[in-house]
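> quick one: sequence and predicted model below, then my questions.
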Amino acid sequence: MLRPGLRTIRRATFAALLVALLITSSSDAAAGRYVLLLQSLDRGNLTLDQFTGDFRVELDRLAGEPVTVAQFVTTPSGFGVSPEASILAFLRSAFVNQSAPGLVVTAGGPAAAFARKYRQQLFPESPTLFAAVDQRFLQDAPLADNEAAVSVVNDISGIVDDIVNLFPQTSNLFMVVGSGPLGRFWHQQLDRDFQRFGGRVTFTWSDEMTLAQILQHVSTLPRDSAILYLHFDADPQGGQFPEDRVLADIHAAANAPLFGAQGAFLGRGVVGGNMLFIDGLGRAAASAALRILNGEPPRSVQTPVVTTGPPTFDWRELQRWGVPESRLPPGSVIRFREPGVWQRFKWIIIAASSALIAQAVLIGALLLNRTRRRRAEHLLRDNVANLEAARRGLVNLSGRLIDAHEQERTRLARELHDDVSQRMSSLAMDVGRLRQTLPDEATGAHAQVVTLLDAVVAVGRDIQGISHRLHSSKIGYLGLAAAAGSFCRETASRHNLNIEYTHENVPTDLPEGVAISLFRVLQEALSNAVKHSGANRCTVTLRAIDGELRLEVIDDGHGFGVDAALKGQGLGLVSMQERLKLVKGSVVIESKPGGGTVVRARVPVQPPAETTL
């Protein structure tokens, strides 16, 4: 609750800010259109706050040009009697240096009464739109030519009927209203409306109670009582409270059901009934305001009067007070219903049922196939032994074939080196001697002999290279690292290929099968790089790490599809894999079109005992 001094300071500050707003907005108003919005109550009234927010949002959305809105409260809380003269004087002083607003819009009954009362002293030429106003506030006089209304009808007596229908024993109804002018207005109006209930229901009013007294009273109501909340902005001591807090406190303290006439209260502890919902009222008021601003005569702007909607109830409050749904009026709408077991667990139930059905079908299928599976298991056991024997035979055959291949390569290499190479060397020496026997003047013959000698030497060199590629004797004499380096240099020289070779910790006394297998992988990788990939650069790395030899060959060529190559006609990649399997090794080939190729081979330093190459 605000102290009187603080309230005075707050109102003075608000007035100064509004004057500044009106002055600084004059240029905007000149460029666009100006609307003065007179609000009945301070912020905190759920219904009027909802309407004002909807109205301003819809006005901005529907307007085709800027609309300046200045908002002012005509009935500030904390006053037993509203200071209307001071408010009028302030409004007039605020508009001294600028033209009158293009439209005056009032929100709620007190603002409408204020505008009608002081129309001639304030803005007699400006059209007025009475919005969100109960028709009771306009019944004293008909609308003038420059006035229009977007009005509502609050059926408070209908809410009392709902209370009596839902709780037939109700004999005492506690009416919660504020202590200001609005509370006094409704107290006076409803005293007349409630006369039809005669002595059936006794009405008690809260307009002279503080909020603390109201909470104490609702907690000690006699049996067969109910509470009807109309509005509450301030109590007699000037305490100002937002409605959402007041409703929450009353709901928490009350020992009787709580009702309310406005749809904005639903979900905040009220039971429900024939309530007034204003969800579309802000849109209707904004549309009417724009029609008037656009030049349409206010008397021609007609909008339907908003009345109570279908009976609407909060399911949680019905359960709290034990009201069966059969007692509700026909066509009632129930909100906030907690889902039942089926609604809450529908998909879980469906999923569980489906799982059980599927499980039953699966069990049946398993039982039906049990005999077939057992027969298949017996056949599988018989075939496994046969397959294992076939696999061992295939591995043995593969080893023998590779062994025979290596022996044949060794034989051919030896014959080329010991026989053909020697004969080519002899032939080269004979050609050399032939050149020396030719007379000096036979220059043509000398040239032919030189050409022949070069050809013989080149052929001899090629035969020696073939011999080395078929079987490098350096593996046995110098070790795998030296033989691999020699092969890399030879390949780089012959094919103009940049090969970077490095080795690290490679033993020189490797078993022959391990050394030859890795050497063949190196040969195949570089051969593919030269023949197929169009590579310009290769990197070869050979090192011993963690008890195994690792060979890595990387080229920057065109690359290829590994799966397609393995399924194709070529045997080079398959040969790599089969060789390394025999020495418990493995090879991984990574390549893709346009991305180069990487060959990674690894072999344990100790080969399997049965391997012989």
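Sure, I can see it.

> the nearest residue to Thr597 once chain neighbours are set aside and Arg550, how far apart?
Nearest residue to Thr597, sequence neighbours excluded (C-beta to C-beta, 6 or more residues apart in numbering): Ser591, at 4.0 Å. Just so you know, the C-beta spots here come from the backbone N, C-alpha and C atoms, and that holds for glycine as well. For Ser591, the distance to Arg550 (C-beta to C-beta, to the nearest Å) stands at 18 Å.

> and the contacts of stretch 130-138?
With contact meaning C-beta atoms under 8 Å, 6 or more residues apart in numbering, stretch 130-138 is reached by 47-48, 51, 55, 105-113, 115-116, 143, 147-154, 185, 189, 278, 281, 285, 288-289, 305.

> ends of it, how far apart?
End-to-end distance of stretch 130-138 (C-alpha to C-alpha, to the nearest Å): 9 Å.

> kindly report the same for stretch 248-259.
With C-alpha to C-alpha, one end of stretch 248-259 sits 13 Å from the other.

> got it, and stretch 323-338?
Its first and final residues considered, stretch 323-338 spans 15 Å by C-alpha to C-alpha.

> with stretch 59-74 instead?
Between the opening and closing residues of stretch 59-74 we find a distance of 22 Å, counting by C-alpha to C-alpha.

> just the mean pLDDT for it, thanks.
When pLDDT is averaged along stretch 59-74, the result is 89.

> same deal with stretch 160-167?
94.

> buried residues in that stretch?
Residues of stretch 160-167 classed as buried under the neighbour-count rule (16 or more other C-beta atoms under 10 Å) are 160-164, 166-167.

> got the CA coordinates for that stretch in PDB?
Once side chains and other backbone atoms are set aside, the C-alpha atoms of stretch 160-167 remain, and they are given as PDB (Å, rounded to 0.1, in the frame of the first residue of the first chain):
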ATOM      1  CA  VAL A 160     -26.500 -14.500  -9.300                       C
ATOM      2  CA  ASP A 161     -28.900 -16.900 -11.100                       C
ATOM      3  CA  ASP A 162     -26.000 -19.100 -11.900                       C
ATOM      4  CA  ILE A 163     -24.900 -19.200  -8.300                       C
ATOM      5  CA  VAL A 164     -28.300 -20.100  -7.100                       C
ATOM      6  CA  ASN A 165     -28.700 -22.800  -9.700                       C
ATOM      7  CA  LEU A 166     -25.300 -24.400  -8.900                       C
ATOM      8  CA  PHE A 167     -25.700 -24.000  -5.200                       C
END
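
> got the contact list for that stretch?
Counting by C-beta under 8 Å, 6+ apart, stretch 160-167 makes contact with 170, 173, 194, 197, 200-201, 224, 226, 228, 257, 259, 271-274, 311, 321, 323, 327-329, all of which sit outside it.

> among those, which are in strands?
With DSSP state E as the criterion, strands contain 173, 226, 228, 259, 272-273 from among these.

> by neighbour count, which of the residues you listed wins?
Compared across the ones in strands among the contacts of stretch 160-167, Gly272 has the highest neighbour count, 28 neighbours, by other C-beta atoms under 10 Å.

> where does Ala481 fall, secondary structure wise?
helix 480-495 (DSSP states H and E).

> and the residue nearest the centre of the protein?
Here the mean C-alpha position of the chain is nearest to the C-alpha of Trp347 (C-alpha atoms, centre = their mean), at a distance of 23.6 Å.

> ok, it - contacts?
Contact partners of Trp347, counting by C-beta under 8 Å, 6+ apart, are absent.

> any idea how far it lies from Phe336?
Distance, Trp347 to Phe336, using C-beta to C-beta: 22 Å.

> next: Ile163.
Relative to Phe336, and taking C-beta to C-beta, Ile163 is found at 19 Å.

> Leu258 now?
Applying C-beta to C-beta, the value for Leu258 to Phe336 is 15 Å.

> out of the two, which sits in the more crowded spot?
The neighbour count for Leu258 versus Phe336, taken as other C-beta under 10 Å, is higher for Leu258 (24 against 13).

> circling back to that earlier point, tell me which of the buried residues of stretch 160-167 fall in strands.
Checking the buried residues of stretch 160-167 against strands, none of them qualifies (DSSP E).

> since that was my last question, I'll sign off now.
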